[in-house]
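>>> Quick one: sequence plus predicted model below, questions after.
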Amino acid sequence: KAGVTQTPRYLIKTRGQQVTLSCSPISGHRSVSWYQQTPGQGLQFLFEYFSETQRNKGNFPGRFSGRQFSNSRSEMNVSTLELGDSALYLCASSWTSGRATDTQYFGPGTRLTVL
Amino acid sequence: KNEVEQSPQNLTAQEGEFITINCSYSVGISALHWLQQHPGGGIVSLFMLSSGKKKHGRLIATINIQEKHSSLHITASHPRDSAVYICAPTNTGNQFYFGTGTSLTVIP
């Protein structure tokens, strides 16, 4: 069974641009979560989607948004990019929306560099 | 204010040594995950536990909910164990908290 895939793996953008990242979960998984990882802040939770609905949201500005499609694939979008948005963006999928009961399977990440 | 504290931040060990990484948290949780991140970024979930102890090969994870503390032990450490280990408690609201990670280097 294929793992979680993320595209693209690397991306370079300039300030003010917008970017869309894609995540394909493991087949059958309905929950997709997004995380940002930076050297200064570590891992931070962005949001989670389950069955096309946003279930949880972290403490990030409205420039960060996401969506989930009926096949559970998810996209996240960052508008008006800032230098501080340079980070590794990870997505993770699981069967259910319950972190207390369900293992998260992580993708390889998309490394975004904002110049 | 850090809800999750990991120690040590950095750890260097000789191959074969027994290793312990500690995680203390201040929030009420329903479960705790231990994650492993190798250079290059990929993260693997090692354990998810809500009480007691779990063992997988040379890895053992324990949690004491009352004391708000968890430990990850590696027996007979090997250079391929070199990675960053991240403690991630989760509360009943499904929110994930993350420790800053422990960077482990195992020298042959």
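Ah, there it is.

>>> contacts, neighbours, all on C-alpha from now
OK.

>>> now the strands: where do they sit in chain B?
Per DSSP state E, chain B has strands spanning B:4-7, B:10-14, B:19-25, B:31-37, B:43-49, B:52-56, B:59-64, B:69-74, B:83-90, B:102-107. These are given in chain order.

>>> you'd agree A:L21 is up against A:M76?
Yes: counting by CA atoms under 8 Å, A:L21 sits close enough to A:M76 to count as a contact (5.3 Å).

>>> burial count for B:Q66?
By other CA atoms under 10 Å in any protein chain shown, the residues close to B:Q66 number 8.

>>> repeat for A:P39
Going by other CA under 10 Å, the residues that sit close to A:P39 add up to 9.

>>> quick one: contacts for A:G42?
Listed by CA atoms under 8 Å, 6 or more residues apart in numbering or on different chains, the contact set of A:G42 reads A:36, B:98-100.

>>> Quick check: of the residues you listed, which lies closest to A:G28?
For A:G28, the closest of the contacts of A:G42 turns out to be A:Q36, at 24.2 Å, with distances computed as CA to CA.

>>> Helix or strand next in line after the helix or strand where that closest one lies, which one?
Taking DSSP states H and E as the criterion, A:Q36 maps to strand A:31-38. Beyond strand A:31-38 on the C-terminal side, the first helix or strand identified by DSSP H and E is strand A:42-50.

>>> Parallel or antiparallel, which strands does the helix or strand following that next one pair with?
Scanning forward in sequence from strand A:42-50 by DSSP H and E, the next helix or strand is strand A:53-57. As defined by DSSP bridges, the strand partners of strand A:53-57 come to strand A:42-50 (antiparallel).

>>> Kindly calculate the angle that the strand it pairs with makes with strand B:83-90.
Strand A:42-50 runs at 50 degrees relative to strand B:83-90, counting by axes from the mean of the first three to the mean of the last three CA atoms, to 10 degrees.

>>> ok, residues contacting the worst-scoring helix or strand of chain A on mean pLDDT?
Here the helix or strand of chain A ranked lowest by mean pLDDT, DSSP states H and E is strand A:53-57, holding a mean of 89. Around strand A:53-57, the neighbours that count as contacts under CA under 8 Å, 6+ apart are A:45-49, A:67-68, A:97, B:94-95.

>>> ok, and the most crowded of those?
A:E48 (27 neighbours).

>>> which residues sit in contact with it?
A:E48 makes contacts with A:31-34, A:54-57, as judged by CA under 8 Å, 6+ apart.

>>> Excluding chain neighbours, give the residue nearest to it in space.
Spatial nearest neighbour of A:E48, chain neighbours left out: A:S33 (4.1 Å); criterion: CA to CA, 6 or more residues apart in numbering or on different chains.

>>> quick one: that neighbour and chain B, what's the gap?
Distance of A:S33 to chain B, computed by CA to the nearest CA, to the nearest Å: 10 Å.

>>> That residue contacts A:Y89, correct?
No: contact status for A:S33 versus A:Y89: not in contact, 10.5 Å apart, counting by CA under 8 Å.

>>> got the residues of chain B near chain A?
Taking CA under 8 Å from any CA of the partner chain as the test, the list of chain B residues beside chain A reads B:30-32, B:41-45, B:48, B:50, B:90-92, B:94-100.
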